[in-house]
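J.: coords please:
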Amino acid sequence: MQFGYKDAIHTKDYLKISGVTLFARAKDDGLHGNDGILIDKADVSVEAEKNGLRTTKAGKILKGNIEITGSKLSVIAGEHALNASRSIYMVSSSAFLKGVMSNSKADSEIYIEEGCLTNG
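T.: Down below sits the predicted model:
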C-alpha cells in the first residue's frame, strides 16, 4: 500500500460530496474541508495516515461540521477516523470507522444515529 503526498482532497471552503463513489488515500488527511464536510448519497472509502475526514474552522456558525446522510462510508486512519472542529452528524448511513486514536472526535457534539456504525 502506498500513500500519496499530503491530503488526498483539501479545500479552504466547504467540501461537498454527493452521488458519487470515491476512494481516497493520503499521507496526511484523507478529506479535509476547512469550513466543513458534507457527504450525501455517496459511497466513500478513505485510508489516511493522519485523519480520515477533518474540519478545522469553527469560529463562525455552521462552520467546522462533518455531516453524513444517506451514504456508505469506510474510514481507516492513523489518528482519528472523523475529526470535526465543531460537530459530527450521521443519519441514514452505514459506516465503518477505525481510527488509532479514536473513531470520532468533535469539539462540540457527536450525533450518530443508532444503526449507522458497522463492524466491517
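J.: Let me see the contact set for the residue most central in space within the chain.
T.: Note on the chain: the residue nearest the mean C-alpha position is residue 53, at 2.8 Å, using CA atoms, centre = their mean. Contacts for residue 53 (CB atoms under 8 Å, 6 or more residues apart in numbering) come out as 29-32, 37, 46, 66, 75, 81-84. C-beta here means a position set from N, CA and C on the backbone, and glycine is covered the same way.
J.: and with 10 Å instead?
T.: Applying CB atoms under 10 Å, 6 or more residues apart in numbering, we find residue 53 in contact with 9, 15, 17, 24, 29-33, 37, 39, 44, 46, 66, 68, 73, 75, 77, 80-84, 88, 97, 104.
J.: just residue 102 next, same as before
T.: By CB under 10 Å, 6+ apart, residue 102 lies in contact with 77, 79-83.
J.: Greatest separation within those residues: which pair is it?
T.: By the measure CB to CB, 79 and 82 form the most distant pair in these, at 10.6 Å.
J.: what residues do those two have in common as contacts?
T.: 51-52, 54, 99, 102, 105.
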